[in-house]
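A.B. asks: Here you go, sequence then predicted model.
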Amino acid sequence: FFSWTVVGNMGEVKKGVYQYKLTSSGSGWTAKPFGEMADGLAECTGATAEEVEKAMYDACKEASGTEKEFTFANDMVSPKVSLFTAAIEAAYEPK
């Protein structure tokens, strides 16, 4: 999908790796948070993957409170599933 650098503008920062799993039902996309930073992240839905990607970005921005740039990746792992990862003031190191 896409990889962007985005500027956030909030207060106190919760550093970490924010992750979502997106699934397509045929009538739209649903993104459910998972991982260490999942608490407090909203589930996101939309008609297109792009709509849901923006909603996930907004949710990560709000949950983290970052004022600095952060990058994210949204990678398709099958035709109906993708994984979204945003490293906010943290380096992502798979376990």
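C.D. replies: Structure's in. What do you need?

A.B. asks: so where's this structure uncertain?
C.D. replies: Where the chain drops to pLDDT under 70, the residues are 1-11, 91-95.

A.B. asks: same thing but at 50, please
C.D. replies: When residues are selected by pLDDT under 50, those of the chain lie in 1-10.

A.B. asks: Please enumerate the strands of it.
C.D. replies: Counting by DSSP state E, one finds strands in the chain at the ranges 3-7, 16-24, 29-34, 44-46, 69-78, 81-88.

A.B. asks: which residues are in contact with the fourth one?
C.D. replies: Going back to what we said before, that points to strand 44-46. 20, 28-31, 52, 55-56, 59 (Cβ atoms under 8 Å, 6 or more residues apart in numbering). All C-beta atoms are positioned from the backbone trio N, CA, C, and that covers glycine.

A.B. asks: For the buried ones among those residues, write the corresponding PyMOL selection.
C.D. replies: A single PyMOL command selects the buried members of these (16 or more other Cβ atoms under 10 Å):
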select buried, resi 20+29+31+52+55+56+59
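
A.B. asks: export the strands of the chain to a markdown table and tack on distance to Ala63?
C.D. replies: Output for the strands of the chain, formatted as a markdown table (distance: least, Cβ to Cβ, whole Å):
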| stretch | distance to Ala63 |
| --- | --- |
| strand 3-7 | 14 |
| strand 16-24 | 7 |
| strand 29-34 | 9 |
| strand 44-46 | 12 |
| strand 69-78 | 12 |
| strand 81-88 | 9 |
